[in-house]
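Peer 1: Here's my sequence, what's the structure:
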Amino acid sequence: MSNSRPNTLDYDDLQDMVASNDAGGRNPTGFAKKLIIITAILWSVFQLYYTSPFPFWLQELVREWGLHLNVVVDDTKARSIHLAFALFLAYLSFPAFANSPKHRIPYQDWLFALLGAFLGAYYIFFYEGLVTRFGAPNTQDIIAGCLGILILLEACRRSLGLPLVIISGVFLIYNYAGQFLPTDWIISHRSGSLSQIVNQQWITTEGVFGVALGVSTKYVFLFVLFGALLDKAGAGNYFIKTAFAYLGHLNGGPAKAAVVSSALTGLVSGSSIANVVTTGTFTIPMMKRVGFSPEKAGAVEVASSVNGQIMPPVMGAAAFLMIEYVNMPYSQLITHAFLPALISYIALVYIVHLEAQKMGLKGLERTDPPSPMLVSLIRVLANFLVICVAYFALDFGLGWLKSATPDFAFIIVLALLAVVYLILIRRVATFPDLEPDDPNAKIVKLPSTKPTVNAGLHYLLPVVVLMWCLMIERMSPGLSAFWGTMTLTVILLTQRPLLSLFRREPHCKVRLFKQGVQELVDGLESGARNMIGIGIATATAGIIVGVVSLTGFGVQLSGIIEMLSMGNVLLMLILVAIFSLILGMGLPTTANYIVVSSLMALVIVEVGKQNGLIVPLIAVHLFVFYFGIMADVTPPVGLASFAAAAISGGSPIKTGIVAFFYSLRTAILPFLFIFNTDLLLIDVGWAKGILVFVTATIGILLFTAATMHYFLTKNKVWETAVLVLAVFMLFRPGFFMERISPSERDILPTQFVQALEQSTVGETFKLKVSGLNPYGKAIEFYSELSVPEGNSGQERLKALGLTLLETGETIEIDGQSSAKIIIDNVEIDSPAAKVGLNWDQTILAVSVPQNALPKELMMIPALLLAALVGWNQRRRIKK
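Peer 2: Have a look, this model is predicted:
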């Protein structure tokens, strides 16, 4: 592909690439093909049943009938069924090797598929026995566990390649061999018997059947199915056409449209490669048409598609893993993740704009006459106001409805949804259907905005239902996806007959309904087959999680990173970022996050605490997730770059390198929100939130201009340096303000109780303590606590769960002698215990808040510096 005139692949080849990567490259005929389709559909039906409220309604009926039958599937059994389906389909769908038969299934694969299904469902077949001998597996359990792990690793190799298999294999070897290492080695442990390993990995819910597989079963499947059905309904083409209608006429317009359409597709997509191929087959040829080189066109699509994995609400399925690992409500999680994802996309649009400016590129010829700026602004504001009014009216109306008619509220809501759907479909019927365009055609005109937007309004209804259930009703992600999927199912079945009816077309409505049924069946099959790799990935990554929890390797790894970083926090973060990039190479998004978070998140927490960096857990998990995702871009394993190069005809390595530089704006964000958690909107009100959004957007645009060496015109070296300084002041205003007006002051440990009494409730203070870690090593670390309610310092100290003791000894603190204060007791599950404080630890220092100038004042000189560069460049342009 690196020749001077590489050949691009046609649409069928690209679909084969996606199928071989996401759904399996084997396409058998006859009975085998029917069995795969039926099994995939049954898997989707089971997942819908398991996630829905129907089993609980049915259980009530069963009890009323006097039957002793349990129709509710518990979580552990559901995980077992989920893995059994995934293993069975993996061996039938994915050939063992590149030269293995594609159109038939060898006998050995039938054997592996049946064995994998049996071992995956082992928990169901031997449930009673496993419960009674919990923690003490017998010979049968050990044989089943060993075979199960081998079958799972082979399925992982076929569906995902070698990287995850190698990592899991290394951890299993370490789990067994670590007991033979010398005791003074930092990575030695004593938890490596075969019985312990099998019990951890296959019998309990700490390994293969752990949290990761549980999230795949409970949440991820329904969202992947939702995305597959949305694509079958035609929403993918609608998103692309809408983006082009609005942005295609701008400078470098097709590239800007590619960024937006990839963002929209990435909202519900769990695969970077599928995102590249879905949008890239249309956007990449259009970008080349307006002047982008094959490598730059492919790189824009790669950066946009990979960024789709950090975009709420799905985040490549990692969002649902995070709510389990971080123990945070879903609505709160996506609130924190939204702003960095949004400004990274704003930066990508600006990159495209600057590339177009540098190369003098124009957009495509527009169909609609341009509207005056004022008219466009009024339309945007009017639409925004209509949405706001509709939201508040709906929120108030539903609240009143639930109070007034609690028994009939559900039926009334369904009836209202049906009415809204009919109104939307009636509106859509007045516009022509959107037909996919040929991006390689000699003449390409932009679609007209009004008919394009109106031709797919009904596709927004299931997305609105999904987001309403998630954010307003606060339902679980799985149940929210279920109701969104049910809404989408109704649309799939009825959109064609209703459109034909409203248009008064003579088409047979029954035939159109049957076409909708076929699309629904195809969507159920496609959703399940897209889940094969994710199900296998989450189960295999569970092996790594199981080893880490059994051996304590995470704490040992933090010791290694601390030694390499020599206590420098920034160097530690850079090392973690590099490790996350390496660990994430070749892994799908979900497995990627499980691996990097189980290994690297604890490193940041532990090493950070020892060096004064106390960061919320969500910031730590997002940090490692962002760098794990960057592995999809980074050569030489950036699979998304290879997919884009196959479309553009460019060099995959060059495409990956350009995409990596485009994605630098994404790479800088994790460092910024680690040191400035305002970017994650943590403890930020509406007013400050708007200020953070505005300044962060300006900051990322200035950073983009600095790294692209182009603002209003080509930058001089000093202008780039000034822009970087302005960016640093915008994103880290506290770095400078702390030196001008410190927000904290240090006091002696003996003054701690008095300072606690004088502080305002809710203020945070920091303790530096010394003691032993869980492995007996002497360490110093920092902990942060909030001032609780209480009438005196002693009452507040008790509310924290602390009892202090003055030993009578003296210690030297910053050149001053002070009485030695130790922690005499810490109450279980108290605020002090939750931040790592324990008995016999010595308090070395206390930092308490004090009045200081707001750090946001530093944004004024930052904006002035940016304005200085802009004024100088404008003056240069005029000359």
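Peer 1: Was I right to think Lys855 contacts Met729?
Peer 2: No - using Cβ atoms under 8 Å, Lys855 makes no contact with Met729, being 10.0 Å away. Every C-beta, even on glycine, is put in place using the N, C-alpha and C of the backbone.
Peer 1: Next, the buried residues of stretch 740-757.
Peer 2: With burial defined by 16 or more other Cβ atoms under 10 Å, the residues of stretch 740-757 counted as buried are Ile747, Leu748, Pro749, Thr750, Phe752, Val753, Ala755, Leu756, Glu757.
Peer 1: Out of those residues, which sit inside strands?
Peer 2: Ile747 (DSSP state E).
Peer 1: still on that earlier bit, higher neighbour count, Lys855 and Met729?
Peer 2: Met729 (23 against 19; other Cβ atoms under 10 Å).
Peer 1: May I see the buried residues of the helix or strand harbouring that one?
Peer 2: Assigned by DSSP states H and E, Met729 belongs to helix 717-731. Residues of helix 717-731 classed as buried by neighbour count (16+ other Cβ under 10 Å): Glu719, Thr720, Val722, Leu723, Val724, Leu725, Ala726, Val727, Phe728, Met729, Leu730, Phe731.
Peer 1: So which bits of the helix or strand following that helix are buried?
Peer 2: Using DSSP H and E, the next helix or strand after helix 717-731 towards the C-terminus is helix 733-740. Residues of helix 733-740 classed as buried by neighbour count (16+ other Cβ under 10 Å): Pro733, Gly734, Phe736, Met737.
Peer 1: do stretch 65-75 as well
Peer 2: Residues Val73 are the ones in stretch 65-75 that count as buried (16+ other Cβ under 10 Å).
Peer 1: give me every residue that touches the closest residue to Gln816 other than its chain neighbours.
Peer 2: In this structure, Gln816 finds its nearest non-sequential neighbour in Leu748, 6.7 Å apart by Cβ to Cβ, 6 or more residues apart in numbering. Applying Cβ atoms under 8 Å, 6 or more residues apart in numbering, we find Leu748 in contact with Ile813, Gln816, Ser818, Val846.
Peer 1: Farthest-apart pair in these, please.
Peer 2: Maximum pairwise distance among those (Cβ to Cβ): 12.9 Å, between Gln816 and Val846.
Peer 1: Tell me who's in contact with Ser783.
Peer 2: Lys609, Ile614, Lys766, Leu767, Val769, Ala832, Val835, Gly836, Leu837.
Peer 1: Of the residues you listed, grab the buried ones for ChimeraX.
Peer 2: Selection of buried members from the contacts of Ser783 for ChimeraX, criterion 16+ other Cβ under 10 Å:
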select :609,766,767,769,832,835,836,837
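Peer 1: Between the contacts of Ser783, which sits nearest Ala706?
Peer 2: Nearest member of the contacts of Ser783 to Ala706, counting by Cβ to Cβ, is Ile614, at 30.1 Å.
Peer 1: What residues does the closest one make contact with?
Peer 2: Gly608, Lys766, Tyr782, Ser783, Glu784.
Peer 1: let's see 10 Å
Peer 2: Val605, Gly608, Thr764, Lys766, Phe781, Tyr782, Ser783, Glu784, Val835 (Cβ atoms under 10 Å, 6 or more residues apart in numbering).
Peer 1: how near is it to Met566?
Peer 2: 20 Å (Cβ to Cβ, to the nearest Å).
Peer 1: go on, Gly689?
Peer 2: Between Gly689 and Met566 the distance is 37 Å, computed by Cβ to Cβ.
Peer 1: which one of these two has more residues nearby?
Peer 2: Taking other Cβ under 10 Å, Gly689 and Met566 do not tie; Gly689 has more neighbours (14 against 8).
Peer 1: List the contacts of that one.
Peer 2: Thr335, Leu339, Asp678, Leu681.
Peer 1: Over to Ala212?
Peer 2: Ala212 neighbours (Cβ under 10 Å, 6+ apart): 79, 220, 320-321, 324-325, 537-545, 590-591, 593-595, 597-598.
Peer 1: re earlier: which one of the buried residues of helix 733-740 sits closest to Val290?
Peer 2: Among those, and counting by Cβ to Cβ, the member closest to Val290 is Pro733, at 39.2 Å.
Peer 1: what's the burial count for Met708?
Peer 2: Met708: 22 surrounding residues under other Cβ under 10 Å.
Peer 1: how about it, what does it touch?
Peer 2: 350-351, 353-355, 357-358, 661-662, 664-665, 714-715, 720.
Peer 1: Am I right that Glu196 is in contact with Ser549?
Peer 2: Not quite, residue 196 is Gln, not Glu. No - with contact defined as Cβ atoms under 10 Å, Gln196 does not count as touching Ser549 (11.8 Å).
Peer 1: still on that earlier bit, out of the contacts of Leu748, who's the most crowded?
Peer 2: Result: Val846 is most packed of the contacts of Leu748 (other Cβ under 10 Å), 23 neighbours.
Peer 1: helix or strand for that residue, which one?
Peer 2: Assigned by DSSP H and E, Val846 falls in strand 842-849.
Peer 1: what mean pLDDT does that strand have?
Peer 2: Averaging pLDDT along strand 842-849 gives 88.
Peer 1: ok, now stretch 495-510?
Peer 2: So the average pLDDT for stretch 495-510 ends up being 89.
Peer 1: Show me what counts as buried in it.
Peer 2: Neighbour-count burial for stretch 495-510 [16+ other Cβ under 10 Å]: Gln495, Arg496, Pro497, Leu498, Leu499, Ser500, Leu501.
Peer 1: Ends of that stretch, what's the gap?
Peer 2: End-to-end span of stretch 495-510 (Cα to Cα, to the nearest Å): 12 Å.
Peer 1: Could you list the domains of the chain?
Peer 2: By the assignment in the TED database, the chain contains the domains 13-156, 368-404, 552-616, 744-851.
Peer 1: Can you point out the buried residues in the shortest one?
Peer 2: This means domain 368-404. In domain 368-404, counting by 16+ other Cβ under 10 Å, buried: Leu398, Leu401.
Peer 1: Off-centre distance for it?
Peer 2: 29 Å (Cα atoms, centre = their mean, to the nearest Å).
Peer 1: Same check on the third one?
Peer 2: In terms of Cα atoms, centre = their mean, the centre of domain 552-616 is found 18 Å from the chain centre.
Peer 1: model confidence over that domain, on average?
Peer 2: The model assigns domain 552-616 a mean pLDDT of 83.
Peer 1: ditto for the first one
Peer 2: Across domain 13-156, pLDDT averages out at 87.
Peer 1: burial count for Val302?
Peer 2: The burial count for Val302: 35, using other Cβ under 10 Å.
Peer 1: so it, which of the three states?
Peer 2: helix (DSSP: H, G, I helix; E, B strand; the rest coil).
Peer 1: circling back: how about the contacts of Ser783 in a markdown table, adding distance to Ile698 and secondary structure?
Peer 2: Listed next are the contacts of Ser783 as a markdown table, based on distance: Cβ to Cβ, whole Å; DSSP: H, G, I helix; E, B strand; the rest coil:
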| residue | distance to Ile698 | secondary structure |
| --- | --- | --- |
| Lys609 | 33 | helix |
| Ile614 | 28 | coil |
| Lys766 | 31 | strand |
| Leu767 | 37 | strand |
| Val769 | 40 | strand |
| Ala832 | 40 | helix |
| Val835 | 35 | coil |
| Gly836 | 38 | coil |
| Leu837 | 40 | coil |
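Peer 1: ok, the closest residue in space to His336 that isn't next to it in sequence - contacts?
Peer 2: Nearest non-adjacent residue to His336, counting by Cβ to Cβ, 6+ apart: Leu680, 4.2 Å away. Neighbour list for Leu680: 335-340, 615-616, 618-619, 622, 672-674, 692 [criterion: Cβ under 10 Å, 6+ apart].
Peer 1: What is the nearest of the residues you listed to Leu394?
Peer 2: Nearest to Leu394 among the contacts of Leu680, with distances taken as Cβ to Cβ, is Thr335, at 20.2 Å.
Peer 1: I figured that closest one hits Leu342, correct?
Peer 2: No - if you go by Cβ under 10 Å, Thr335 and Leu342 don't touch, sitting 11.8 Å apart.
Peer 1: Need the residues touching each of the two.
Peer 2: Common neighbours of Thr335 and Leu342 (Cβ under 10 Å, 6+ apart) are Pro312.
Peer 1: This completes my enquiry, with thanks.
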